[in-house]
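>>> sequence-free structure coming up:
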C-alpha cells in the first residue's frame, strides 16, 4: 500500500529501488574536501563506497529483535506451563516443539542434545523473519521515514528501511555460515582430523590399488570440496531467492495502488491472494532451512562405515 512519502516525486523504478535499499551505516570515505566520517548512506552509491564493513542497520535490528522476541515468548510459555488444562499459547508452542522434535528424530541419527534446540531456534526464528514479508511494504518504511524526518531532521527520501531480513543475502549467508561452522566443528570432533581428511580425499572414487587411489586423491578432493562449499551457498541462496522474489511481487502490487481506482481494487485482490499463498512459502522455507541444517549435522556424525 503505497503512501505519500514513498511515492511522491518517484517513478516506478525509483520506488522499487528505494524499497530494495537497506539502511546502511559505515565509514564515508574522504572525498570532495570532506574528511572520512561515520554515518548512514543516503543512496546506493554511498552504501557501495562504504565497503565490506558497512552494516545493514535494518537487517540487524529486525533479526536481533525477532530473535529476542522468540526467546522471550518461549521462555514465558515455559515458565507458565501447566500440566492442567493448557491455554492456547502453550498448546501452540508445544505443537511446534513436538513437530521439530519429530523432524530431528527422523533426520538425525546421532546423539547430540544441541541439535533439537538448534533446529527449534532455526525454524521459529526464520519463520518470524519471513513473516515480516506479510506486512504491507510501505507501512513500516513510512514510520521510519517520519521518524527520520521529524526526530533526526533527515530527508525522508533518504531514509531506507527494509523489514524482511531474509531478503538481505548478508543475513541468509550469515545463518548458513553458522550452520556450516557447526557441521565442520562436529565433523572434526567425531571423525578426527584424519577421518575428516579421508572423507574429502577417499570418496567418491576409490581403489584397492594404492597407486590408483593416490591418483584419485586430487580428483576426490576437488569434487568433495566443491560439494562442501555448496552446502552453505545453497542453504543461503534458496532462502534469499524465494523471499526476495516474494518481496518483489508485493512491491509490484503496491505500485498498482497509484494507478487509479480500478487498478487499485485489482491490486488489493492480488495482494490478498498472494499474501495467503505466501504464508505457505514462508513456512516452507523455514522448514527447509531447518531440515537441511539437521541433515548437514547428521552427515557430520556419519563415519566412513556409514557411507
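Nice, I can see it. Nothing here was measured: the structure is a model prediction, and the numbers come from that model. Numbering: from 1, shown residues only.
>>> So which residues of the stretch 101-250 of the chain form helices?
Listed in chain order, the helices of the stretch 101-250 of the chain (DSSP state H, counting those that start in this stretch) span 115-131, 139-150, 169-201, 210-255.
>>> what separates the longest one from the chain centre, distance-wise?
Counting by Cα atoms, centre = their mean, to the nearest Å, helix 210-255 is centred 15 Å from the centre of its parent chain.
>>> how far off helix 115-131 does it point, in degrees?
Orientation check (axes from the mean of the first three to the mean of the last three Cα atoms, to 10 degrees): helix 210-255 against helix 115-131 gives 30 degrees.
>>> Contact partners for the closest residue in space to residue 82 that isn't next to it in sequence?
Distances taken as Cβ to Cβ, 6 or more residues apart in numbering place residue 90 nearest to residue 82, at 7.3 Å, with adjacent residues excluded. For glycine as for every other residue, the C-beta is placed from the backbone atoms N, C-alpha and C. Taking Cβ atoms under 8 Å, 6 or more residues apart in numbering, we find residue 90 in contact with 77, 80-82.
>>> how about residue 38, secondary structure?
strand (DSSP: H, G, I helix; E, B strand; the rest coil).
>>> My guess is it contacts residue 25. True?
Yes - judged on Cβ atoms under 8 Å, residue 38 makes contact with residue 25 at a distance of 7.3 Å.
>>> Counting neighbours, go ahead and name the busier of those two.
Set side by side, residue 38 and residue 25 show more neighbours around residue 25, with 17 against 9, by other Cβ atoms under 10 Å.
>>> in the sheet, who's paired with that one?
Note on residue 25: beta-bridge partners residue 40, residue 55, judged by DSSP bridges.
>>> my guess is it meets residue 40, correct?
Yes - if you go by Cβ under 8 Å, residue 25 and residue 40 touch, sitting 5.5 Å apart.
>>> Need the overlap of contacts for those two.
Joint contacts of residue 25 and residue 40 (Cβ under 8 Å, 6+ apart) are residue 57.
>>> How about residue 49, nearest residue that isn't a chain neighbour?
Residue 49 sits nearest to residue 29 (Cβ to Cβ, 6+ apart), 5.6 Å away.
>>> got it, and residue 50?
Counting by Cβ to Cβ, 6+ apart, the residue nearest residue 50 is residue 26, at 3.2 Å.
>>> do residue 158 as well
That would be residue 42: by Cβ to Cβ, 6+ apart, it lies 4.4 Å from residue 158.
>>> now do residue 171
Residue 171 sits nearest to residue 165 (Cβ to Cβ, 6+ apart), 4.3 Å away.
>>> Next: residue 17.
residue 44 (7.1 Å).
>>> burial of the one you found, as a residue count?
Using other Cβ under 10 Å: residue 44 sits among 15 other residues.
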